[in-house]
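Chemist: sharing a model prediction with you, sequence too.
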Amino acid sequence: MTTPVQTTDHATASVGENWARTVAYSARSLLRPSSVDELRELVAGSRGIRALGSRHSFNELADTTGDLVSLELIDDDIVIDEAERTVTAGGGIRYGDLATALQAAGWALHNLASLPHISVAGAVATGTHGSGDRNGTLAAAVARLELVTAAGELLVLRRGDADFDGAVVSLGALGIVTRVTLDIQPTFDVRQDLYDDLEWSALLENFDGITSSAYSVSVFTDWLGDTIGTTWLKSRMDAAAPPERLFGAGRQRAERHMLPDQPASNVTQQRGIAGAWSERLAHFKLGFTPSNGDEIQSEYLVPRRNAVAAIEAVRSIGSRVAPLLLVSELRTMAADSLWLSGASETDAVGIHFTWKKLPVEVAALLPELEALLLPLGARPHWGKVFAAEGAAIEALYPRLADFRALAARLDPERTFGNAFLERTVY
């Protein structure tokens, strides 16, 4: 039976806030159906509804003035098809829980994001990506989707279907995703090594060599000085071992969090100690809270061909960025064909900013930052804080008009719409 949690105002604790406590949801209720059939009835009878995943969006993407719905009471029902090399599970499952189940069965996903705590459907819908020159985004692994449309019907889309590439990174605008099928591969082990004080000149002159030096590479920086900070290499154990020195940067022997005031116990094991992909590809351990949540996040996915120019552009205002910053991270990803993906039709580089919880100051800086990055083709991460709207967004996505048409066909009354979509997509 559906369990409603009634709310009376925009700041009630019962609907609550996002994980970082930067967005108070304005929905009138939070609903928790216990089956897909109950969800279908609920959606068919609603004039405004959106799915709420693991609350990791930093903007109002998940919000609605209607009802929010959680899939947490619907059985995850993990099904591994070894012949097809796929896994199917409920859309509300967290990546960390799915990864644990796959590892136990001898299988793996190709990629994980920094946080294993995020839901599969939510991460896919927002284009969340993970890292690796040859690794596609998390959404690139999707082979099949089941979603409840505004009419309460269950729609199944498979890779190769006409609407599939438009429906994967959907921003929740097409329906509520109940099950997701992902590509899998045999399990593999990974080691994680950290390198200190890579010089900016070395990174800019050898960008491709550095990002291709491991299966997944993350560069952490504050944008100041002649050296970057710390570079994290995640290397598969069935590939070449990582170098002792990385373009002049020395290997770090102690374990470390990317923030100097946070304990290393929260992050996945380093110091070159091998472990399963499920315990290394994410930055943070599933059993730990990664931080206290008092932060704001922004990210821009830049076409790979413009990566060095984009990095130099951010460095040019580093003195304005750094005082508001906890840390920045650079990561890479392979191109995909998904219409609203940050890597749609281009290899991309993510320039990520974890800001201090200074919303007024961050909001004032973002237009200046975007004035430098958007002309280089940088696409804001859909689930994080950015300033661009309307025409600025449309210029970045050649298939945005096609997405609007798909949304109009599947949800003509905009049952799944909200203010965020009106501002950025519609």
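Modeler: Cool, the structure landed.
Chemist: okay, strands next: where are they in the stretch 251-400 of the chain?
Modeler: Under the criterion DSSP state E, counting those that start in this stretch, the stretch 251-400 of the chain contains strands at 275-276, 295-303, 325-333, 348-356, 379-380.
Chemist: what average pLDDT does the second one get?
Modeler: In this model, strand 295-303 has a mean pLDDT of 96.
Chemist: mean pLDDT per helix and strand in the chain: which one sits at the bottom?
Modeler: Per-element confidence for the chain was summarised using mean pLDDT, DSSP states H and E. The lowest value among helices and strands belongs to strand 3-6, with a mean of 40.
Chemist: so L145 sits right up against I176, yeah?
Modeler: No: between L145 and I176 there is no contact, the gap being 10.9 Å when judged by C-beta atoms under 8 Å. C-beta coordinates here come from the backbone N, C-alpha and C atoms, glycine included.
Chemist: using the three-state scheme, assign A89.
Modeler: Taking DSSP: H, G, I helix; E, B strand; the rest coil as the rule, one finds A89 in the strand state.
Chemist: give me the neighbour count for it.
Modeler: For A89, the tally of surrounding residues (other C-beta atoms under 10 Å) stands at 22.
Chemist: next, the nearest residue to it once chain neighbours are set aside: phi, psi?
Modeler: Leaving out its chain neighbours, the residue that sits closest to A89 by C-beta to C-beta, 6 or more residues apart in numbering is I78, at 4.6 Å. The phi and psi torsions at I78 (degrees, to the nearest 10) take the values phi -70, psi 130.
Chemist: so how far is stretch 87-96 off the chain centroid?
Modeler: Here the centre of mass of C-alpha atoms in stretch 87-96, compared against the chain's by C-alpha atoms, centre = their mean, to the nearest Å, lies 15 Å away.
Chemist: going forward, begin numbering at 48 instead of 1
Modeler: All right, first residue 48 from here; so that's stretch 134-143.
Chemist: quick one: end-to-end length of it, please.
Modeler: Separation of the first and last residues of stretch 134-143 by C-alpha to C-alpha, to the nearest Å is 14 Å.
Chemist: now do stretch 247-262
Modeler: Its first and final residues considered, stretch 247-262 spans 22 Å by C-alpha to C-alpha.
Chemist: mind listing what's buried in it?
Modeler: Along stretch 247-262, these residues count as buried under the neighbour rule (16 or more other C-beta atoms under 10 Å): 247, 249-250, 253-254, 257-258, 260-262.
Chemist: next one: stretch 207-222
Modeler: 210-222.
Chemist: and if you look at stretch 314-332?
Modeler: Counting neighbours by 16+ other C-beta under 10 Å, one finds that the buried residues in stretch 314-332 are 314-317, 323-332.
Chemist: average model confidence for the longest helix seen in the chain?
Modeler: Criterion DSSP state H: the longest helix present in the chain is helix 406-420. Within the predicted structure, the mean pLDDT of helix 406-420 is 97.
Chemist: do the same with stretch 429-442
Modeler: When pLDDT is averaged over stretch 429-442, the result is 96.
Chemist: quick one: residues contacting the most centrally placed residue in the chain.
Modeler: Ranked by distance to the mean C-alpha position of the chain (C-alpha atoms, centre = their mean), the top residue is T175 at 2.2 Å. With contact taken as C-beta atoms under 8 Å, 6 or more residues apart in numbering, T175 is in contact with 160, 165, 169, 184-186, 428, 430.
Chemist: apply 6 Å and report the result again.
Modeler: 160, 185 (C-beta atoms under 6 Å, 6 or more residues apart in numbering).
Chemist: now the phi/psi pair for it, please.
Modeler: Phi and psi for T175, reported as degrees, to the nearest 10, are phi -70, psi 150.
Chemist: any idea how far it is from Y444?
Modeler: T175 sits 17 Å away from Y444, going by C-beta to C-beta, to the nearest Å.
Chemist: what does V62 give?
Modeler: Here the distance between V62 and Y444 works out to 31 Å (C-beta to C-beta).
Chemist: so between these two, which is more surrounded?
Modeler: Set side by side, V62 and Y444 give different neighbour counts by other C-beta under 10 Å, the larger being at V62 (23 against 18).
Chemist: what about that one, which helix or strand?
Modeler: For V62, there is no host helix or strand (DSSP states H and E).
Chemist: let me see the domain layout of this structure.
Modeler: 126-234, 236-338 (automatic domain parsing).
Chemist: ok now the first one, how far from the chain's centre?
Modeler: Think domain 126-234. Worked out by C-alpha atoms, centre = their mean, domain 126-234 lies 12 Å from the chain centre.
Chemist: how long is it from one end to the other?
Modeler: End-to-end distance for domain 126-234, by C-alpha to C-alpha: 16 Å.
Chemist: what's the average pLDDT for it?
Modeler: Per-region confidence: domain 126-234 scores 96 on mean pLDDT.
Chemist: mind checking which of the buried residues of stretch 207-222 land in strands?
Modeler: Among the buried residues of stretch 207-222, none falls in strands (DSSP state E).
Chemist: for A354, state which of those is nearest.
Modeler: For the buried residues of stretch 207-222, the residue nearest A354 by C-beta to C-beta is V216; the value is 21.1 Å.
Chemist: coming back round to it: now the buried residues of stretch 247-262 in a markdown table, with pLDDT?
Modeler: As requested, these are arranged in a markdown table below (pLDDT from 0 to 100):
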| residue | pLDDT |
| --- | --- |
| W247 | 97 |
| A249 | 96 |
| L250 | 97 |
| N253 | 97 |
| F254 | 97 |
| I257 | 97 |
| T258 | 97 |
| S260 | 96 |
| A261 | 97 |
| Y262 | 97 |
